[in-house]
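Asks: The following comprises the amino acid sequence and a computationally predicted model.
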Amino acid sequence: MDAQTESQKVRPKAVVVGAGSGIAQALCLQLLELGHYQVHAISRHRPQTLPAEVVFHAVDYSEAGLGLVAKAIAELPGTLERLIICNGVLHGDDFQPERALRQLHADTLLSVMNVNAVIPIMVLSAFAAQLQTASAPRVAALSARVGSIGDNRLGGWYSYRASKAALNMLLRSAAIELHRSNKSAKLIAFHPGTTDTPMSKPFQRGVPSDKLFTPVFVADQLLSILDDIAADGELSFVDWAGKTIDW
């Protein structure tokens, strides 16, 4: 077998970050089923349901830790053609989305901002060099419709709204920069809709059954959008149906 034939057998890489989430695990499974990618998953701990065929990388989400993981993946054969960032937090054991100014706490605001905006953009920074040399990379980060400033007519959810709006702005700048070095690259901020996961569980009351999506459905929609969307040098802010959301 000559070198050219051997190189053609190298599969491109797909990296899913925040692998502990329901959407991330569904993405890993569907990427595996496609049979086209070598699938890598990144999170603090390996999810028990993650198939053995997925290459797992543990990370503490520090800047140094992300750099080491990105370097390890870069050293493997194949280009990075899919990077999907699923990190996100809405509520925790000691906090819920704020409904009024009096409920705001600086520590909570900073913690939510770190998970929803800082970590995703630092992931993108760690993998930027690989995206610059890929053939047609597609990057998605899970955003949210409530991060839209123009669509905010109800108020509340201060930390979550602000962190997703910040994420969108960070991704917008990254999309412009990446396009300068790789005209075939495309970034999207993706609103998955209300997905049946622990994150949305406390807020599913009143959601119509046809608007409460399974992680498998959301993963399928996202992968289809990434396959079909054209590189245009912009960040697209789209929902699960591929419809554009107002900034």
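Replies: Cool, the structure landed.
Asks: tell me the strands in this structure, going along the chain?
Replies: In chain order, the chain shows strands spanning 13-17, 38-43, 55-58, 80-85, 138-142, 186-191, 194-195, 212-213, 235-239, with DSSP state E as the criterion.
Asks: Adding distance to Val123 and mean pLDDT, write those out as CSV.
Replies: In short, each C-beta sits where N, CA and C put it, glycine included. Formatted as CSV, the entries for these read as follows, by distance: least, C-beta to C-beta, whole Å; pLDDT from 0 to 100:
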stretch, distance to Val123, mean pLDDT
strand 13-17, 5, 98
strand 38-43, 8, 98
strand 55-58, 12, 98
strand 80-85, 5, 98
strand 138-142, 8, 98
strand 186-191, 12, 98
strand 194-195, 20, 82
strand 212-213, 24, 82
strand 235-239, 16, 98
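Asks: and of these, who's closest to Thr108?
Replies: Proximity to Thr108 (C-beta to C-beta) singles out strand 138-142 among the strands of the chain, at 19.9 Å.
Asks: So what are the sheet partners of that closest one and their directions?
Replies: strand 80-85 (parallel), strand 186-191 (parallel) (DSSP bridges).
Asks: The first one to strand 38-43, inter-axis angle?
Replies: Spelled out, it's strand 80-85. For strand 80-85 against strand 38-43, the angle between stretch directions is 30 degrees (axes from the mean of the first three to the mean of the last three C-alpha atoms, to 10 degrees).
Asks: now do the last one
Replies: Between strand 186-191 and strand 38-43, the angle formed by their directions is 50 degrees, by the same axes, to 10 degrees.
Asks: need the helices for the protein, in chain order.
Replies: Counting by DSSP state H, the chain has helices at residues 3-8, 22-34, 63-74, 106-113, 119-133, 158-181, 215-228.
Asks: which residues sit against the last one?
Replies: It stands for helix 215-228. Residues lying outside helix 215-228 but in contact with it, judged by C-beta atoms under 8 Å, 6 or more residues apart in numbering, are 22-23, 25-27, 29-31, 34, 82, 84, 138, 140, 186, 188, 190, 192-193, 195-197, 238, 240-242.
Asks: Would you mind writing the ChimeraX command to select the buried ones in those?
Replies: For the buried members of those, the matching ChimeraX selection, counting by 16 or more other C-beta atoms under 10 Å, is:
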select :22,23,25,26,27,29,30,31,82,84,138,140,186,188,190,192,193,195,196,197,238,240
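Asks: Just name the shakiest helix or strand of this protein by mean pLDDT.
Replies: When the helices and strands of the chain are scored by mean pLDDT, DSSP states H and E, helix 3-8 comes last with a mean of 46.
Asks: give the contact list for the most centrally placed residue in the chain.
Replies: When C-alpha atoms, centre = their mean is applied to the chain, the residue found nearest the centroid is Ile85 (2.2 Å). Applying C-beta under 8 Å, 6+ apart to Ile85 gives the contacts 17-18, 120, 123-124, 139-142.
Asks: how about 7 Å then?
Replies: 17-18, 120, 123, 141-142 (C-beta atoms under 7 Å, 6 or more residues apart in numbering).
Asks: and it, bridged to which residues?
Replies: Here Ile85 sits in beta bridges with Val17, Ala141, going by DSSP bridges.
Asks: With Val39 instead?
Replies: Under the criterion DSSP bridges, Val39 forms beta bridges with Ala14.
Asks: Need the residues that contact stretch 146-164.
Replies: By C-beta under 7 Å, 6+ apart, stretch 146-164 touches 90, 97-99, 104, 108-109, 112-113, 116-117, 143-145, 165, 167-168, 245-247.
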